[in-house]
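Student: sharing a sequence plus its predicted fold:
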Amino acid sequence: MRVISFIAVIVGVCLMPSAVGVAKLDHDRRLSELDRTLLAETDEHSGALDNYFARAHSVVLLTANAPAFARVLAEPGSRVQKVRRQSRNLRDATHQLGYLERLYPASIGEACFIDADGEEFARVVRGRVARAANLSTTE
């Protein structure tokens, strides 16, 4: 009986490194699979962000070069006077902000016309034009 117990202990001791090796291989395989999954998700999200910022860059360039915005800034008077006056130029600029929302409904929920001093001349939120009293002077 002691011989059988002794043989069982020896076999058990011999099998332990094999069990540890199999566990290590399984662990490494799972880590490798997780790494591949995370890398694929990172690439997907990175591509989506790159596309979003490329579109945003295009929108900013197109909008910044629209003549209505420059004409509003060139008009005489303070921001408050320009906003109260609601000139054709400001109406055109506001219309262009609203068009941006229609052009990119899933991406743009709010479009604003803000000068270099942070003063807001116009804002369109989900198709609604903000009233002059609601425009910010500290954006």
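Tutor: Great, that's in hand. Just so it is clear, the model here is predicted, and its values are computed rather than measured.

Student: per-residue confidence, S136, what does it come out as?
Tutor: On pLDDT, S136 comes in at 89.

Student: same deal with E120?
Tutor: Reading off the model, E120 has pLDDT 94.

Student: again with A130
Tutor: For A130, pLDDT reads 93.

Student: can you check V83 too?
Tutor: Looking at V83, the pLDDT reads 92.

Student: same question for M1.
Tutor: pLDDT, M1: 66.

Student: secondary structure class for the residue most central in space within the chain?
Tutor: Most central in the chain under CA atoms, centre = their mean is L49, positioned 6.0 Å from the mean C-alpha point. Using DSSP: H, G, I helix; E, B strand; the rest coil, the structure places L49 in helix.

Student: swap in the one 4 residues further on?
Tutor: Using three-state DSSP as the criterion, the local structure at F53 reads helix.

Student: and it, how many neighbours?
Tutor: Residues near F53, counting by other CB atoms under 10 Å, number 10. Using the backbone N, CA and C atoms, a C-beta is placed for each residue, glycine as well.

Student: T94 too?
Tutor: 21.

Student: so it sits right up against G127, yeah?
Tutor: No. Assessed by CB atoms under 8 Å, T94 is found out of contact with G127, at 11.6 Å.

Student: out of the helices and strands in this protein, which is least certain?
Tutor: When each helix and strand of the chain is scored by mean pLDDT, DSSP states H and E, helix 2-64 comes last, with a mean of 82.

Student: tell me what that one is packed against?
Tutor: Applying 3 or more CB pairs under 8 Å, 6 or more residues apart in numbering; DSSP states H and E, we find helix 2-64 packed against helix 88-103.
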